[in-house]
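In: My questions concern the predicted model and sequence given below.
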Amino acid sequence: MSNPTLLLVDDEPDFRENLATYLTEHGFSVVQAAGFEPALAAARERDFDAALIDVMMPGRDVLELLAQLKEVDAHLEVVVITGAGSIEGAIEAMRRGAFHFLTKPARLAEVELMTERAVEKGRLARQNMLYRDELRSRRAPGAPTVVANSAPMRRLVDEAR
């Protein structure tokens, strides 16, 4: 499997660069964005396994960015990074679909762990969606669902179809 691709959004260049370097050294491909518009443009151009976004950025509201990222990819898991003074914003982001939040200064190992979990959850959700689509395409409209776990039962169900 390829390295997970992350979207890292933070207006602090030093923090963003240091975190990107750490995550790259630990097996992630990282695309950096300094704000709302570059983050949204990047999300529209390519698929990401997860996103890390700062709550406190100048300009537009992070909740709006979260909503727009979810519109682009409903299965994109977002980890929110917040300063101590903006915990309320991080909690509100979680209510609106963020995967988790971390506080600055963030321990790098904790960021890595939460990012891995977010990537895994997003990949499982995408995989689940593909399996459901596959099942829907195989089933005739109005036909009952038959669950068959053993090989002989699956062959029987296939023959019946």
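Out: That came through, no problem. Residues are numbered from 1 along each chain as shown.
In: Give the bridge partners for the residue most central in space within the chain, please.
Out: Central residue of the chain (C-alpha atoms, centre = their mean): residue 77, 2.2 Å from the mean position. Per DSSP bridges, the residues bridged to residue 77 are residue 50.
In: wait, doesn't it sit right on residue 48?
Out: No: the pair residue 77 / residue 48 is not scored as a contact, 9.3 Å apart, by C-beta atoms under 8 Å. To be clear about C-beta, it is placed using only N, CA and C from the backbone, and glycine gets the same treatment.
In: Which elements pack onto the strand or helix carrying residue 63?
Out: Using DSSP states H and E, residue 63 sits in helix 62-72. The helices and strands touching helix 62-72, judged by 3 or more C-beta pairs under 8 Å, 6 or more residues apart in numbering; DSSP states H and E, are helix 36-45, strand 50-54, strand 77-82, helix 87-95.
In: The helix ranked longest in the chain vs strand 77-82, what angle?
Out: As assigned by DSSP state H, the longest helix anywhere in the chain is helix 108-138. Angle, helix 108-138 to strand 77-82, by axes from the mean of the first three to the mean of the last three C-alpha atoms, to 10 degrees: 150 degrees.
In: Report all helices and strands that helix 108-138 contacts.
Out: Helix 108-138 packs on helix 13-25, strand 50-54, strand 77-82, strand 100-103, going by 3+ C-beta pairs under 8 Å, 6+ apart.
In: Centre of the chain to the longest one, how far?
Out: Put plainly, it is helix 13-25. Remark: helix 13-25 is offset 18 Å from the chain centroid, using C-alpha atoms, centre = their mean, to the nearest Å.
In: residues making contact with that helix?
Out: Residues from elsewhere that reach helix 13-25, judged by C-beta atoms under 8 Å, 6 or more residues apart in numbering: 6, 8, 10, 30, 32, 34, 52, 104, 106, 108, 111-112, 115.
In: which of the residues in that helix are buried?
Out: 15, 16, 19, 20, 23 (16 or more other C-beta atoms under 10 Å).
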